[in-house]
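Student: prediction below, plus the sequence it came from.
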Amino acid sequence: MKKIVLVAAVLVPMFLFAQKKGKDVEEVKYRRSSLHIMMMEDDKLPEREIIVGAFKNAPFPNKYNDHNIGVVRAPYIQIEEGTEAKKEEGDEQGKNKLKGGDKVIEAFFDKQKIANKLVAKWFNQTSKGDFNMELIADRGQYDATDLDVKKAGGQARSVNSQLIDAGFELIDKTFVVINKFNFFENEIPAKIAHVISLELVNEMKADNPLMVKIKQAAKQKADDLYERMRKGYTVTTKAFLYKLDWSDAVSTVFYNDYWVDENTPEEEKQKRFDLFKNSDLFQLNFVGMDKARILILNLKGGDLTKQQIIAEATTRSIDRVYAKLQKGYDVFKAKTPLLTYDKKNCSAKIGMKEGLEGKEKFEVLEQGVNKEGLTVYKKILTIQVDPERVWDNRFKVTDAPTIGGDDVVIQATYFNKCKTKKLYPGILIRQLK
């Protein structure tokens with residue numbers, strides 16, 4: 001049985017933005033979804049050490065909160081080529097199954113109690129089993145005194161509104177992504193492409209000096225392209241997305257049967273601690289799968305090392321597959337605050353790394369509270385990415401290229417259709433399909 005390392009990482013925070021709207025200053029809560037990242041490390045993966053190192057050192061997706069629950073091992077998961085994730089009819093909760101892969105992944109989840117560990121992390125569980133609400137209060141910018149499980153009577157439906165809101169806004173938006181990598185050198189496909197190109201060049205006529213020059217230029221271009229491609233590498237990434245189930249039924253049992261704090265009698269603590277550790281209540285439901293392929297050329301000839309080129313391809317493939325998962329599954333889409341707004345232009349720290357090319361549409365969301373005291377988001381406007389001002393925030397080994405020959409590079413993506421009094425820095429946006 002092959003072994004793999006699943007390098008773990010992640011859960012979602014919330015940031016508080018001081019925003020100016022007219023003369024008033026408003027505080028808008030920006031709560032990010034939670035993410036736990038894993039990698040399947042195949043012992044037979046070419047350049048395994050470089051790819052594993054690149055994965056571990058890759059910048060974490062900054063639209064999610066990093067929640068590290070440790071490094072774990074599991075059996076290698078063999079996914080057949082061509083396998084696609086398809087949602088079953090009527091399945092809107094992400095409980096659909098992936099043929100050929102989900103049973104092994106989910107068996108690993110169950111054996112390692114990954115869902116239990118994610119929940120334990122949310123509640124800062126100690127070695128003795130005690131829980132507290134400090135992390136949730138911090139990430140949700142809640143009043144810690146209002147997050148009182150004891151006062152709530154242990155009933156999830158009767159707890160105060162902030163405790164319910166925290167469950168929906170934070171815990172219920174906890175995800176796991178498992179990445180499976182493949183790798184190959186471009187030498188062979190580059191050689192094939194070069195041979196085909198030369199055959200086409202040889203068929204070109206050279207009846208006069210001009211045609212001779214054109215033919216020579218075509219051959220030189222084919223040779224140059226081959227030299228660039230043959231020193232490059234291609235990395236493919238398949239990413240499997242799961243979501244933590246934090247339903248009313250699950251949270252009720254947790255608060256009733258597993259909750260432990262300084263007020264819990266000592267004789268009851270160990271009992272509840274053991275129940276929580278061994279419980280099968282907490283589950284991760286399959287949402288979907290996507291894949292990405294990145295070809296990296298040695299753009300500066302021999303300047304980049306093999307390790308640098310592979311690392312760049314690996315990191316970019318991770319970014320691209322996350323962007324595709326966000327576009328494909330609404331539940332995984334991240335919200336982003338506007339960075340600037342000046343009545344004509346607005347911008348946000350999002351760009352090519354997130355899959356933007358230009359003309360993508362985003363909904364602008366105004367955050368509010370309903371009559372039950374729960375957070376709600378209301379769409380107030382649609383804005384569109386300016387194709388001329390898309391931020392290239394992709395991972396690069398070398399420095400980012402300058403724009404228009406200047407030394408200034410774009411540091412944010414700009415949007416059109418921003419001429420409205422409804423916008424202000426800090427208001428949240430989310431990409432539409």
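Tutor: Sure, I can see it. Residues are numbered from 1 along each chain as shown.

Student: please state the offset of stretch 208-222 from the chain centre?
Tutor: On the basis of C-alpha atoms, centre = their mean, to the nearest Å, stretch 208-222 sits 47 Å off its chain's mean C-alpha point.

Student: what comes up buried for that stretch?
Tutor: Lys215, Ala218, Lys219, Ala222 (16 or more other C-beta atoms under 10 Å). Placement of C-beta: from N, CA and C, glycine included.

Student: nearest to Ala120 among those?
Tutor: Ala222 (58.4 Å; C-beta to C-beta).

Student: quick check, nearest of the buried residues of stretch 208-222 to Lys353?
Tutor: Ala222 (31.8 Å).

Student: and for that closest one, nearest residue in space, chain neighbours not counted?
Tutor: Once flanking residues are discounted, Ala222 sits nearest to Ser197: 3.9 Å by C-beta to C-beta, 6 or more residues apart in numbering.

Student: following the helix or strand harbouring the one you found, which helix or strand comes up?
Tutor: Using DSSP states H and E, the element containing Ser197 is helix 187-202. The first helix or strand that comes after helix 187-202 along the chain, using DSSP H and E, is helix 209-230.

Student: which secondary structure elements does that following helix contact?
Tutor: helix 187-202 (3 or more C-beta pairs under 8 Å, 6 or more residues apart in numbering; DSSP states H and E).

Student: below-threshold pLDDT in this structure: ranges please.
Tutor: Filtered on pLDDT under 70, the chain yields the residue ranges 1-29, 71-102, 144, 150-160, 231, 297-304, 397-410.

Student: now do the helices in it.
Tutor: Taking DSSP state H to define them, one finds helices in the chain at 48-57, 102-112, 114-122, 134-140, 161-169, 187-202, 209-230, 248-253, 266-278, 306-328.

Student: closest one to Arg31 among those helices?
Tutor: Of all those, helix 161-169 comes closest under C-beta to C-beta, at 5.2 Å.

Student: going by contacts, tell me the helices and strands next to that closest one.
Tutor: Judged by 3+ C-beta pairs under 8 Å, 6+ apart, helix 161-169 is in contact with helix 134-140, strand 375-385.

Student: which parts of the last one are buried?
Tutor: Burial within strand 375-385, assessed by neighbour count using 16+ other C-beta under 10 Å, is assigned to Thr375, Leu381, Ile383, Val385.

Student: now the buried residues of stretch 208-222 in a markdown table, with distance to Leu45?
Tutor: Output for the buried residues of stretch 208-222, formatted as a markdown table (distance: C-beta to C-beta, whole Å):
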| residue | distance to Leu45 |
| --- | --- |
| Lys215 | 43 |
| Ala218 | 38 |
| Lys219 | 37 |
| Ala222 | 32 |
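
Student: looking at these, which is nearest Ile171?
Tutor: Among the buried residues of stretch 208-222, Ala222 lies closest to Ile171 (C-beta to C-beta), at 56.3 Å.

Student: residues in contact with that closest one?
Tutor: By C-beta atoms under 8 Å, 6 or more residues apart in numbering, Ala222 lies in contact with His194, Ser197, Leu198, Val201.

Student: measure it to Lys215 for me?
Tutor: According to C-beta to C-beta, to the nearest Å, Ala222 and Lys215 sit 11 Å apart.

Student: what's the overlap in contacts for those two?
Tutor: Val201.

Student: give me the domain ranges for this structure.
Tutor: Annotated domains of the chain cover 3-181+235-291+301-330, 187-230, 335-433 [automatic domain parsing].

Student: find the residue at the geometric middle of this protein.
Tutor: Tyr322 (4.5 Å; C-alpha atoms, centre = their mean).

Student: residues in contact with the residue nearest to it when sequence neighbours are not counted?
Tutor: The spatially closest residue to Tyr322, leaving aside those adjacent along the chain, is Pro61, at 5.6 Å (C-beta to C-beta, 6+ apart). With contact taken as C-beta under 8 Å, 6+ apart, Pro61 is in contact with Leu35, Asp319, Tyr322.

Student: do Ile383 as well
Tutor: For Ile383, the contacting residues are Cys346, Lys361, Phe362, Val364, Phe415, Asn416, Lys417, Cys418, Ile429, by C-beta under 8 Å, 6+ apart.

Student: hmm, which of the residues you listed are the buried ones?
Tutor: Among the contacts of Ile383, those classed as buried by 16+ other C-beta under 10 Å are Cys346, Phe362, Val364, Phe415, Asn416, Cys418, Ile429.

Student: tell me the phi and psi of the nearest residue to Pro337 once chain neighbours are set aside?
Tutor: For Pro337, ignoring the flanking residues on the chain, the nearest one in space by C-beta to C-beta, 6+ apart is Gly426 at 4.9 Å. When read as degrees, to the nearest 10, the backbone of Gly426 gives phi 110, psi -20.

Student: thanks a lot, see you next time.
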